[in-house]
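[1] take this sequence and fold it.
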Amino acid sequence: MRLVVDASVAVKWLVAEENTDIADHLAAHEQELHAPRLMASETANALWRKALMGQIERTEASTAMRLLTDMPVNWNDDEAVGADAVRLALALDHPVYDCVYLALAHRIGGVVVTADRRFKTAVASTEHSGSVLTLADYTQTQ
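    Numbers count the residues shown, from 1 in each chain. All right, here's what the predicted structure looks like:
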């Protein structure tokens with residue numbers, strides 16, 4: 001199965017938090033994982049916020065970010081799905097940055113895996129509901 005992982009999953013690869021074990025399982029079990037390049041910037045921002053909030057040490061944020069390139073992810077260009085992401089964002093009334101992941105999933109015939117329940121809720125009553133799984137949903141497919 002082709003899976004598109006978002007920054008909420010990537011952060012769990014780098015920092016221990018709820019459902020890190022599921023994210024680690026995802027990375028370790030030879031799934032075909034994809035991500036838009038946007039994920040790197042979003043992950044860096046999430047680590048910055050965690051450092052500001054005192055959840056991790058400041059030095060841990062940059063150290064963790066360097067590890068992202070070691071993750072088993074096929075990186076995809078954002079501009080290839082930009083127009084589709086905007087169309088989805090307008091249709092769903094949801095931020096473009098989340099819709100970049102959804103547009104990529106549609107393009108490669110995959111499914112988005114996220115820890116962002118708000119994103120899952122945004123697509124729940126649409127034709128895209130089967131295209132977004134939370135980490136908890138993912139465990140039920142295994």
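[2] every contact and neighbour count from this point should use C-alpha atoms.
    Fine.
[3] the nearest residue to residue 99 once chain neighbours are set aside and residue 14, how far apart?
    Using Cα to Cα, 6 or more residues apart in numbering and skipping the chain neighbours, the partner closest in space to residue 99 is residue 85 (4.9 Å). Counting by Cα to Cα, to the nearest Å, the separation of residue 85 from residue 14 is 27 Å.
[4] picking that back up, name the element the residue nearest to residue 99 belongs to?
    helix 82-92 (DSSP states H and E).
[5] which strands or helices does that helix pack on?
    Here helix 82-92 touches helix 96-108, going by 3 or more Cα pairs under 8 Å, 6 or more residues apart in numbering; DSSP states H and E.
[6] can you give me the strands for this structure?
    Using DSSP state E, the strands of the chain run over 2-5, 32-36, 74-76, 111-114, 132-134.
[7] quick one: low-confidence residue ranges for the chain.
    30, 142 (pLDDT under 70).
[8] is it true that residue 10 touches residue 68?
    Yes. Using Cα atoms under 8 Å, residue 10 makes contact with residue 68 at a distance of 7.5 Å.
[9] the more surrounded of those two?
    residue 10 (27 against 18; other Cα atoms under 10 Å).
[10] next up, the contacts around residue 119.
    If you count contacts by Cα atoms under 8 Å, 6 or more residues apart in numbering, residue 119 has them with residue 98.
[11] residue 7 versus that one, what's the distance?
    According to Cα to Cα, residue 119 and residue 7 sit 12 Å apart.
[12] neighbours around residue 123, how many?
    18.
[13] count the residues that sit near the residue nearest to it when sequence neighbours are not counted.
    With sequence-adjacent residues excluded and distances taken as Cα to Cα, 6+ apart, residue 123 is closest to residue 129, at 5.0 Å. Per other Cα under 10 Å, the neighbour tally for residue 129 reads 14.
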